[in-house]
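Asker: My questions concern the predicted model and sequence given below.
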Amino acid sequence: MAHLGPASGGYATRAVCDVERLHVIPEGASDAAAVTMIGTGRTTMAILDRARITADDVVVVTAAAGGIGSLLVQAARNAGATVVAAVGGPVKVAHARAQGADITVDYDVAGWGETVRSELDGRAVTVAVDGVGGDKGRQALELLGPSGRLMLYGWSSGSPTTLTSMDLFARGIITSAAIGPGPSQAQGPIRRLEEHAIDALATGVLVPVIGQSFPLARAAEAHRSIESRATVGKTVLTTGAPR
């Protein structure tokens, strides 16, 4: 298996890549799990590298029922942290709870931030990991206590989380982006992150959630399902009979 890099714009049944990009699929792993970890898993590892989650942390994860979010919930639980999963809708609340979140909230319901504060009973949020952006990302930021860490990896809402220098001064928070140009995007570190993700799959430390699989001929349906927010975990396209 291999991640092809910035080769977006379509799908194919075959692809060409440099041999140096190839990884061996771990024994017993499905194709769907392997392809999830080579991309989504790699991004998760970049986030975890920067977040440095420990057992002392209280971690808020937005989009916690998604492919990356599900892995982050597992990883934070593995570290012994208290995990708050913020998701949209009751189905995703149940999914996040099944992944091991200590507190689950529906961020489509007004006042979800206050619900989190009440559930934590005075404990401060130390890490917020946000891939949603917009108002939900901003609310996750505002849950952070002094010296909290804000880790950003996207904005599925359509707009990034609003952040100003005054947030840094007033709150004393530390913020970082786990995607885009930077140390984690150089070829060497990318390979390292991929290897860490594959090792986590092989050892069972992280278990990717495969929500739906579609044959390649139904790619448009897969996109509609994702865009309607009807999916949990990773959505996968397949060609032929998957393992």
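Answerer: Here it is on my side, so go on. Numbering: from 1, shown residues only.
Asker: From Trp155, how far off is the spatially closest residue to Val209 that is not a sequence neighbour?
Answerer: Once flanking residues are discounted, Val209 sits nearest to Gly233: 3.0 Å by C-beta to C-beta, 6 or more residues apart in numbering. Placement of C-beta: from N, CA and C, glycine included. For Gly233, the distance to Trp155 equals 20 Å [C-beta to C-beta, to the nearest Å].
Asker: just to revisit the earlier point, could I get the phi/psi values of the residue nearest to Val209?
Answerer: When quoted as degrees, to the nearest 10, the phi and psi of Gly233 stand at phi 60, psi -150.
Asker: bridging residues for it?
Answerer: Gly66 (DSSP bridges).
Asker: And it, how far from Met37?
Answerer: Taken as C-beta to C-beta, the span from Gly233 to Met37 is 12 Å.
Asker: do the same with Ile173
Answerer: 30 Å.
Asker: okay, now Val19: neighbour count?
Answerer: Applying other C-beta atoms under 10 Å, we find 6 residues neighbouring Val19.
Asker: measure Gly10 to Phe214 for me?
Answerer: From Gly10 to Phe214 the distance is 15 Å (C-beta to C-beta).
Asker: Give me the more crowded residue out of these two.
Answerer: Counted by other C-beta under 10 Å, Gly10 and Phe214 do not tie: Phe214 has more neighbours, with 16 against 6.
Asker: give me every residue that touches the closest residue to that one other than its chain neighbours.
Answerer: Spatially, and ignoring its direct neighbours in sequence, Phe214 is nearest to Ala222 (4.2 Å; C-beta to C-beta, 6+ apart). Contacts for Ala222 (C-beta atoms under 8 Å, 6 or more residues apart in numbering) come out as Gln212, Phe214, Thr235, Leu237.
Asker: what about 10 Å?
Answerer: Tyr11, Gln212, Ser213, Phe214, Pro215, Leu216, Thr231, Thr235, Val236, Leu237 (C-beta atoms under 10 Å, 6 or more residues apart in numbering).
Asker: Kindly report the same for His23.
Answerer: Shown in contact with His23 (C-beta under 10 Å, 6+ apart): Met1, Ala2, His3, Ala34, Met37, Ile38, Arg191, Glu194, Glu195, Ala197, Ile198.
Asker: Which of the helices or strands spans it?
Answerer: Remark: His23 resides in no helix or strand, with elements defined by DSSP states H and E.
Asker: Can you tell me how far it is from Glu119?
Answerer: To Glu119, His23 is 40 Å away according to C-beta to C-beta.
Asker: So Ala217 versus Leu237, what's the distance?
Answerer: Counting by C-beta to C-beta, the separation of Ala217 from Leu237 is 9 Å.
Asker: quick one: which of the two has more around it?
Answerer: Between Ala217 and Leu237, Leu237 has the larger neighbour count (other C-beta under 10 Å), namely 18 against 9.
Asker: Which helix or which strand is home to that one?
Answerer: strand 234-238.
Asker: Show the average pLDDT along that strand.
Answerer: Computed over strand 234-238, the mean pLDDT rounds to 93.
Asker: Tally up the residues packed near the closest residue to Lys234 other than its chain neighbours, please.
Answerer: Leaving aside its chain neighbours, Lys234 sits nearest to Gly67 (3.7 Å; criterion: C-beta to C-beta, 6+ apart). Gly67 is flanked by 26 other residues according to other C-beta under 10 Å.
Asker: Ok, Met166 next?
Answerer: 8.
Asker: again with Pro189
Answerer: 16.
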